[in-house]
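Colleague: Sequence and predicted structure are below.
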Amino acid sequence: MLSSLRGALGRFPLAARADAVELLDSGCLSVPEVEQNLVDLARLNRLPGGTAASVDGIRHLIGNGRDPRILDAGTGQADMPMAFGRHGWRTVALDPNPDVLLVARRATENEPRVEVVEGDVRRLPFGDGEFDVAHCSLLVHHLEPDEAVTALRELARVARLGVVVNDLRRGLLPMAATWVTVTALGRSRVTRQDGMTSVQRAYTLDELDDLLARAGLARRWRSSGWMPRVATAATSS
C-alpha cells in the first residue's frame with residue numbers, strides 16, 4: 001500500500017493548480033453513479049474538517065443569533081443542510097445539476113428545515129442579504145479563479161453576516177490524506193477518481209485568501225490549517 005501511495009503522489013505535481021475535469025462535472029454519469037458518489041461524499045463529510053468545521057465557521061458568524069437562515073451552495077446530497085437543521089438552522093440547499101437535485105430532494109423530503117432549489121452560485125436567484133450566512137463545501141475547487149471570485153461575490157451579496165467556505169487545500173499532505181481516505185471509504189469509482197482530481201484542483205490557503213480579497217471579503221476565522229480540508233469564515237472587508 002505504501003508503494004502504491006508513493007506512486008500515486010509521484011504522478012501528481014502540486015505546484016500549480018490542475019485543470020482536469022472531474023467526472024461529476026462531465027455530464028456523463030448516470031443517476032445511480034451520481035447518487036453513489038454523493039453518498040460517499042456525505043460519509044466523508046463526517047470526518048474531521050467536514051460538517052463539524054462548517055458548523056463551527058457558521059457559529060463564528062452568527063454568534064448568539066436565533067433561527068438563522070443559511071444558504072448551502074453546491075449542496076450535493078444535502079447532508080450538510082440536514083446537519084444544520086439539527087442545530088435548528090433553516091437552510092436553502094442549492095445546486096445546478098438536475099441529477100444532484102433529484103438525490104437531494106429525495107434525501108430531504110422529510111426535513112422541514114431544508115428547501116432544495118436549482119441555481120448557479122455564480123448567478124444566485126436571491127436578493128441582497130436574504131440569508132444570514134452563505135456556505136459552500138467542496139465547491140470552490142470546481143471553479144476557475146475568475147469564476148470563484150464571481151461566486152464568492154454572489155455569496156457575500158446574499159449573506160447578511162458573511163460567508164463560510166469549506167474545501168480541500170492543495171499540498172502533499174492533503175494529497176496523501178485524500179488518497180488514503182477515498183481508497184478506504186470510497187465505494188464509487190467516481191469518488192476515488194474525483195477525490196484525487198479535487199485535491200489537484202484545490203487552492204492553497206494563500207490562494208483562497210487572495211480569491212476572498214478579490215471578492216471584497218476578509219478572513220475572520222479558520223479551522224486548523226494543517227488539516228487536508230479547511231473551513232474559512234469571511235466577512236465583507
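Modeller: Received it, and whenever you're ready, just let me know what you need.
Colleague: ok, Ala18 to Cys28 distance?
Modeller: Here the criterion is Cβ to Cβ, to the nearest Å. By it, Ala18 lies 19 Å from Cys28. All C-beta atoms are positioned from the backbone trio N, CA, C, and that covers glycine.
Colleague: These two: who's more crowded?
Modeller: Just comparing Ala18 and Cys28: by other Cβ atoms under 10 Å the higher neighbour count belongs to Ala18, 17 against 9.
Colleague: Now name the helix or strand holding the nearest residue to the more buried one once chain neighbours are set aside.
Modeller: In this structure, Ala18 finds its nearest non-sequential neighbour in Gln200, 3.7 Å apart by Cβ to Cβ, 6 or more residues apart in numbering. Using DSSP states H and E, Gln200 sits in helix 189-201.
Colleague: Same question for that helix: list its buried residues.
Modeller: Using 16 or more other Cβ atoms under 10 Å as the test for burial, helix 189-201 gives 190-201.
Colleague: what do you get for stretch 111-125?
Modeller: Across stretch 111-125, burial judged by 16+ other Cβ under 10 Å covers 111, 113-116, 119, 121-122, 124.
Colleague: cool, and stretch 41-48?
Modeller: Within stretch 41-48, the residues that count as buried by 16+ other Cβ under 10 Å are 41-45, 47.
Colleague: what's the closest of the residues you listed to Pro145?
Modeller: Nearest to Pro145 among the buried residues of stretch 41-48, counting by Cβ to Cβ, is Leu41 at 23.6 Å.
Colleague: Could you pull up the contacting residues of the closest one?
Modeller: Taking Cβ atoms under 8 Å, 6 or more residues apart in numbering, we find Leu41 in contact with 76-77, 79, 138, 191.
Colleague: So which helix or strand of this protein has the lowest pLDDT on average?
Modeller: Taking mean pLDDT, DSSP states H and E as the measure, helix 2-10 is the helix or strand of the chain with the lowest mean score, a mean of 50.
Colleague: hang on, the earlier thing: give me the local confidence score for the residue nearest to Ala18.
Modeller: We note a pLDDT of 93 for Gln200 in this prediction.
Colleague: For it, give its distance to Gly50.
Modeller: 20 Å.
Colleague: That'll do, ta.
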